[in-house]
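J.: How does the following fold in three dimensions:
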Amino acid sequence: MKKIVTHINPDQDATSSVWLIRRYYPGFQGDDVEYGFVPAGQTLDKMQVDIDDNIIHVDTGLGKFDHHQIPEKICAFKRIYDEGLKNNWFPIYDIEALGRMCKVINDYDNFQEVYYPNPTSDYFDFTLDQAISGLIHTRMPDSKKMEIVLPLFDSVLQVIKNKIKAEKNIKEGIIFETKEFGKAIAMENTNNDSMKFAQKMGFHLVARKDPEKGNIRIVCIPDDKYDLTAVKDRIIKEDSVGTWFLHQSRHMLLNGSLVNPTMFPSPICFERLVAILRSL
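T.: Residues are numbered from 1 along each chain as shown. Presented below is the predicted three-dimensional model:
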């Protein structure tokens with residue numbers, strides 16, 4: 001039986017460190033892994049740290065995966081991440097995303113979020129760090145907290161990987177100006193997250209065609225002065241096959257979505273979609 005040990009009431013650094021070991025450390029991906037919780041700084045049954053290959057201490061015990069004995073602004077997650085890089089634990093397609101996760105987790109564990117813009121905003125209370133802090137104040141057993149939190153780090157990893165793809169998608173997209181909407185971009189990819197990322201980058205009109213499913217999504221900035229009704233009217237003149245839905249906000253024109261996969265894809269090709277949007 002293998003065991004990962006961390007401190008009681010595990011915070012973001014502790015839970016993320018357990019997740020990193022659980023996901024990537026050789027021999028710790030099986031169903032025979034248990035979790036142990038000790039007072040901060042201590043070890044399981046007061047054993048010497050790092051002497052049993054079947055027991056790994058993270059964020060406690062002053063061993064190789066703790067950081068409280070180090071004066072630099074570092075965290076347990078970073079120590080594990082650095083060890084993983086050195087020993088090639090990580091698949092190449094996860095390394096950049098894990099590095100970005102490491103930067104954020106290290107910031108939070110060293111209270112650097114106090115320097116973020118508007119750090120007292122309620123928006124920050126929806127972060128994973130704050131959610132984990134909230135769990136600490138419940139009577140929930142630490143093992144249950146771990147059960148809840150660990151899958152969320154899988155989600156964060158996927159979100160960041162999608163963001164990295166989105167950055168590439170933007171570079172590959174076609175950027176142009178429209179009279180009605182201003183700065184616009186059209187992309188052909190399977191990454192739905194690329195649309196919101198493009199909006200955050202300042203594009204007022206964003207279109208994406210899925211080259212595999214054929215669906216098209218068009219969104220504009222959520223400002224009342226913008227309206228996609230005319231865009232819909234223009235498109236359905238050429239498309240009598242695809243299923244199109246104009247959201248009540250008139251800021252989203254959807255030909256298929258994650259919440260309604262039954263919509264028929266549009267036969268309009270990507271090049272023609274760009275031409276239509278350019279004419280607006």
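J.: Name the nearest residue to the residue nearest the centre of the chain, sequence neighbours excluded.
T.: Centroid-nearest residue in the chain: V159, 2.3 Å away (criterion: Cα atoms, centre = their mean). Excluding its sequence neighbours, the residue lying closest to V159 (Cβ to Cβ, 6 or more residues apart in numbering) is D193, at 7.4 Å. All C-beta spots, glycine's among them, are computed from the backbone N, C-alpha and C.
J.: Could you measure from the one you found over to K200?
T.: In this view, D193 and K200 are 10 Å apart by Cβ to Cβ, to the nearest Å.
J.: Would you mind telling me which of the two has the busier surroundings?
T.: Neighbours per residue, other Cβ atoms under 10 Å: of D193 and K200, the larger number sits with D193, 17 against 10.
J.: doesn't E167 make contact with that one?
T.: No: using Cβ atoms under 8 Å, D193 is not in contact with E167, being 10.4 Å away.
J.: residues in contact with the nearest residue to L20 once chain neighbours are set aside?
T.: In space, and not counting its chain neighbours, L20 is closest to I80: 5.0 Å by Cβ to Cβ, 6+ apart. If you count contacts by Cβ atoms under 8 Å, 6 or more residues apart in numbering, I80 has them with S17, L20, I21, Y25, V58, F65.
J.: what does E96 give?
T.: Counting by Cβ under 8 Å, 6+ apart, E96 has contacts I164.
J.: what comes up buried for the strand or helix carrying it?
T.: Following DSSP states H and E, one finds E96 within helix 92-109. Applying a neighbour-count criterion of 16 or more other Cβ atoms under 10 Å, one finds D94, A97, L98, R100, M101, C102, V104, I105, N106, D107, Y108, D109 buried in helix 92-109.
J.: same question, stretch 33-50
T.: Across stretch 33-50, burial judged by 16+ other Cβ under 10 Å covers V33, Y35, G36, F37, V38, A40, Q42, T43, L44, V49, D50.
J.: In strands only, show me those.
T.: The strands in this structure, assigned by DSSP state E, contain V33, Y35, G36, F37, V38 from the buried residues of stretch 33-50.
J.: Can I get these in JSON lines including distance to D142 and pLDDT?
T.: JSON lines is the format used below for these (distance: Cβ to Cβ, whole Å; pLDDT from 0 to 100):
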{"residue": "V33", "distance to D142": "15", "pLDDT": "96"}
{"residue": "Y35", "distance to D142": "8", "pLDDT": "97"}
{"residue": "G36", "distance to D142": "9", "pLDDT": "98"}
{"residue": "F37", "distance to D142": "5", "pLDDT": "98"}
{"residue": "V38", "distance to D142": "10", "pLDDT": "98"}
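J.: P261: which of the contacts of I80 is nearest?
T.: Nearest to P261 out of these is L20 (Cβ to Cβ; 33.7 Å).
J.: looking at this, the closest one is in a helix?
T.: Yes: L20: assigned to a helix according to DSSP: H, G, I helix; E, B strand; the rest coil.
J.: Tell me how many other residues surround it.
T.: 29.
J.: Repeat that for F197.
T.: 18.
J.: so who does the nearest residue to it once chain neighbours are set aside touch?
T.: Sequence neighbours aside, A166 is the residue nearest to F197 in space, at 3.8 Å (criterion: Cβ to Cβ, 6+ apart). By Cβ under 8 Å, 6+ apart, A166 lies in contact with N191, D193, S194, F197, A198.
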